[in-house]
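[1] Below are the sequence and a predicted model; questions follow.
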Amino acid sequence: LVTVLPVLSIVTWAPFVAALVIMAWARRRPLLVRWAAAAGAAVPLGLSVWLYFAYDRSAAGFQFRESMSLVPSFGISYNLGIDGMGLVLVLLTAIILFAGVFASWTVKTRGQEFYALLLLLVTGVFGVFVSLDLFVFFLFYEIAVLPMYLLIGIWGSSGEVRPQGIFGWAFSRTGVGTKEYAAMKLTLYLLLGSAFILVGILALYTAAGSTSFSFLDLQQVRFSPRLQCWVFLAFYIGFGILAGIWPLHTWSPDGHASAPTAVSMLHAGVLMKLGAYGVVRLGLGLVPGGAVEWAWLVGAIACINIVYGALSAMAQTDLKYVVAYSSVSHMGIVMLGIATLTEQGLNGAVFQMVAHGIMTGLFFALVGLVYEKAHSRAIFTMGGFAQMMPGIATAFAVGGFSSLGLPATAGFVAEFLTFVGAWGSAHPWWLFPGVIGAFLTSIYVLRVVRQIFWGPKSADPHFQDLPDAQGPEWVALVVLVCILVLFGLVPWLIVEPIDSATVPLLMRMGLM
Amino acid sequence: MLEIALGVLIVIVLVLGLFRPAVPDRRAGWVSLIGLVGLSAWSFDLQPGGSLFGGTFVVDSLALFAQRLFLVSAAVSVLATLGLPSERFARRGAEYHVALLASLLGMLVLAAARELVLLFVAFELMSIPLYFLTGFQKRDDVASEGALKFFLVGTVSSAVLLYGFSFIFGVTGTTMMSAIPAALASGQVLAKLGLVLVLAGVGFKIAAVPFHMWVPDSYVAAATPFVAWLSVAPKAAGFIVVFRLYLEGAGGAGALWVPVVSAMAGLTIVAGNLMAIPQVNVKRLLAYSGIAHIGYMLMGVAAMSANGAGMVLFYLVAYLFGNMGAFLVVQAVGTGHGSDQMDGYRGLSQRSPVLALSMLVFLLSLGGIPFVAGFWAKLFIFQAIINQHMYGLALLGAVLTVVALYYYLVLASRMYIDPPEKPEPVALAVPLLIAILFCAAGVVVMGVYPEPWVKAALQATAGLF
């Protein structure tokens, strides 16, 4: 039965349908809103697990194809399909969405609109991962970006730790750290990125004769080297903004720290991957000449990302900012893996997308829980929480170990593959910033874990008798922790499908 | 034919004004509305063709497309005017509508004019009532100031335009437009000079930078439903003039104008968007954002191709719905709040969900977000100029849409994120609501299904090349 259904369309549109149901029928019935959202998240999760097992790895290529002409005169069609890379990212999105719905079970104000916007956003994310038509891809991309403005602006939280230091007055004048500032900054940065992407897509479309937006058609065209260089740069900047490349990353800490829990989980966990996915799919896939030409730049900036992000994370005193800056650092590893243009490096990059997605989703869920119990995000006021909330403390520690790349967690596999790839690439020195970044990560992660959970117990009267995670909140923690360890112990579960996508890609680029 | 029928309508409204009943007088408005709706419906039934006075007046498909645009926008404006608080039009409703219809008549003639003298007469017939309408509230200092500014700038621009025409006449020896391409092709310097002057004159009318100074002040001065029309129809008329003089039959000689028009387009987009950022009055904000939109349309002209020109027409239609709709919401909110300041929009989503959602749709369209009309308009313009390998200009335009989205989003956040100052719902006149919903429907339909509109626009400009 499942084989005749348009599975990818169902995965993509199920959250959208749930959003419509929530807006239409769930007015003033908060529990119905939550269950509808859970259903809208469970359907894609179930189907993407099925997809994972049904995907034929030996055949590779794009499978589960669906095709329907939309605007024939411009060559726009609704054309879906996934390869191994899309497969694992769809799975990741479904997992994070499922966990995110449960992690934000306690949203109080305007819950109906919150869940509707969240599900709408996820439709955009799924759409980007499965669409094979660049125009539809772009439309989904915009759907994934825009709801964020309202999600952060309405349900976000302004930072507790006020800006200080020599530029403190300038920061407080511009409103740095407030949710309004963060929402606007994030939206404008990402739309700036989409402007670059749109121009790049249109340039390829016209250069190929203005007949088709299909990825598969454009892949057959050999564009001139000059055009490839410029278009790759446009894609790299456009998608790179979303992937948090230095120095265009500054929206990410502000945005992720201000966003509500589920939105931070989705945005840091999945949307940043959308940027890296775009660089691989469109950048490496359509303009390989440009990718080879600019690899030195992508790699060098990735090295800056890794070290700079880690150093920034060390300097933070707000827990959510630590996690947010660690994302900047970890996305650097993804971009480094892409820049190596080797099989191990690319596999490591995609593996890191998944590992970091799960890990950062877990972190933001935990920060949200800690904040909800203790009403604080200031690291150095908290202490000794492990006695009161052992579950949260354990989960945080596991996430931290993955973050610093401890063997037996997913983070280790990802970093190991990437570093092997970097060593084998044209620029072996990339290995050293990567390793330094991993070292710095262990410093800031362990420091935070020790201070908050295992340090001396805080004497503050607000931090006494705090409860552990309860009810639905456990769902998010258990699911994410188990997956993190599972992928660390049995990495080939993920590496195998990824490899079926990266090897043909590199072969087409003439690099294997 | 349309022109004669409109002339009859003007006479009817004028005579109606002689018999004054007790205030408020809405008869003139209703009669004009019914007449305009009828004329609009009729215009969609007409076929292009027909030429009068030895080819000085030719209704081709471009002229017909423009005439439909003028008629529909005028009908929307008159409909919204019926929702104005009545004391504004106490006793003087007929004057207002006669002036508006006379200006509309000028536009209809202008769209079909093929001869410079007729073009100039039509241009003035369009412009002079606009000055009068801007200063309609004659006891209001702001209105007088705005109208005077508009009048001074407008007459100077007309003079420049006429001066340019005189050079062209001197070179070609005829006032027919069809002689211009040949004069340009033969490399006549005076012909170029004449056309540069004409471009400056038209630049004032369409409010391209650096000829845009009059726009914000006149917009603030005038009644909002009229501003909605002023921001669209005369601009469209200006672009028709540009098409006729610079594109029609130009062939290879058109390449001469590419650098000039590209520079003007880039400058207009940058300046318009940057000046819109600090505005706190929504009318001024829309005025500056409108200037930026003119820049995008000029970008389409700079492509100097049938595709580019067609997409300018598509852009104009999208702009008609989006910009008129936004101004009509300003009218609705401003009536309740007493001013057009942005603070009046706080918490609008709770005070009036319909108005807030319509405004959001209009802003998204103006900002160029997918699934509403403005996205396709910008996309097609970019595609047209990328086709001419002008990647830099396309990138500039695309990046500045982000700047535009900043100020549109600030307004959206007032409506959706901030809490309302006072909780009571916004009072909304029924005609105004209908006009707003009409515009919103236009924006959404064009956004979801743009193909027929694109085809119509391309067909209208196919004859230019």
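    Arrived safely. Residues are numbered from 1 along each chain as shown, chains lettered A, B, ... in the order given.
[2] switch to C-alpha atoms for all contacts and neighbour counts from now on
    OK.
[3] Close to chain A: what parts of chain B are there?
    Residues of chain B lying near chain A by C-alpha under 8 Å from any C-alpha of the partner chain: B:369-370, B:382-383, B:386-387, B:391, B:394-395, B:398-399, B:401-403, B:405-406, B:409, B:413, B:416-417, B:451.
[4] residues contacting A:Leu5?
    For A:Leu5, the contact set (C-alpha atoms under 8 Å, 6 or more residues apart in numbering or on different chains) is empty.
[5] Next: the one 10 residues further on.
    With contacts defined as C-alpha under 8 Å, 6+ apart, A:Pro15 is in contact with A:37, A:40-41, A:44, A:119-120, A:122-123.
[6] Same check on A:Ile152?
    By C-alpha under 8 Å, 6+ apart, the contact set of A:Ile152 is A:179-180, A:182-183, A:255, A:258-260, A:263.
[7] Just the CA coordinates for the helix or strand hosting it, please, in CSV.
    In the assignment (DSSP states H and E), A:Ile152 maps to helix A:147-155. Output in CSV follows, covering the C-alpha atoms of helix A:147-155 (Å, rounded to 0.1, in the frame of the first residue of the first chain):
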residue,chain,number,x,y,z
PRO,A,147,7.5,32.3,10.0
MET,A,148,10.6,32.7,12.2
TYR,A,149,10.1,36.4,12.5
LEU,A,150,6.8,36.0,14.3
LEU,A,151,7.9,33.0,16.2
ILE,A,152,10.8,34.8,17.8
GLY,A,153,9.1,38.2,17.9
ILE,A,154,6.0,37.0,19.8
TRP,A,155,7.1,33.9,21.8
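[8] How far does it sit from its chain's centre?
    Per C-alpha atoms, centre = their mean, to the nearest Å, the displacement of helix A:147-155 from the mean C-alpha position of its chain is 17 Å.
[9] what comes up buried for it?
    A:147-155 (16 or more other C-alpha atoms under 10 Å in any protein chain shown).
[10] now do stretch B:226-236
    Buried, per 16+ other C-alpha under 10 Å, within stretch B:226-236: B:226-236.
[11] and the next element down the chain from the one helix or strand A:Leu198 maps to?
    In this assignment (DSSP H and E), A:Leu198 forms part of helix A:179-207. Scanning forward in sequence from helix A:179-207 by DSSP H and E, the next helix or strand is helix A:215-220.
[12] which other residues reach that next one?
    With C-alpha under 8 Å, 6+ apart as the criterion, helix A:215-220 contacts A:132-134, A:204-205, A:208, A:212, A:285-286.
[13] And stretch B:50-65, by the same measure?
    B:43, B:47-49, B:109, B:111-115, B:118, B:176, B:457, B:459-461, B:463.
[14] Export that stretch to CSV, keeping only CA atoms.
    The C-alpha coordinates for stretch B:50-65 follow below in CSV (Å, rounded to 0.1, in the frame of the first residue of the first chain):
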residue,chain,number,x,y,z
GLY,B,50,-8.8,51.7,-34.7
SER,B,51,-6.9,54.7,-35.6
LEU,B,52,-8.0,58.3,-35.7
PHE,B,53,-6.8,61.7,-37.1
GLY,B,54,-4.3,60.3,-39.5
GLY,B,55,-2.6,58.0,-37.0
THR,B,56,-2.2,60.5,-34.2
PHE,B,57,-4.5,58.4,-32.0
VAL,B,58,-4.1,54.7,-32.2
VAL,B,59,-5.6,52.2,-29.7
ASP,B,60,-3.2,49.3,-29.9
SER,B,61,-3.0,46.5,-27.4
LEU,B,62,-0.6,48.4,-25.1
ALA,B,63,-2.9,51.4,-25.0
LEU,B,64,-5.8,49.2,-24.2
PHE,B,65,-3.9,47.4,-21.4
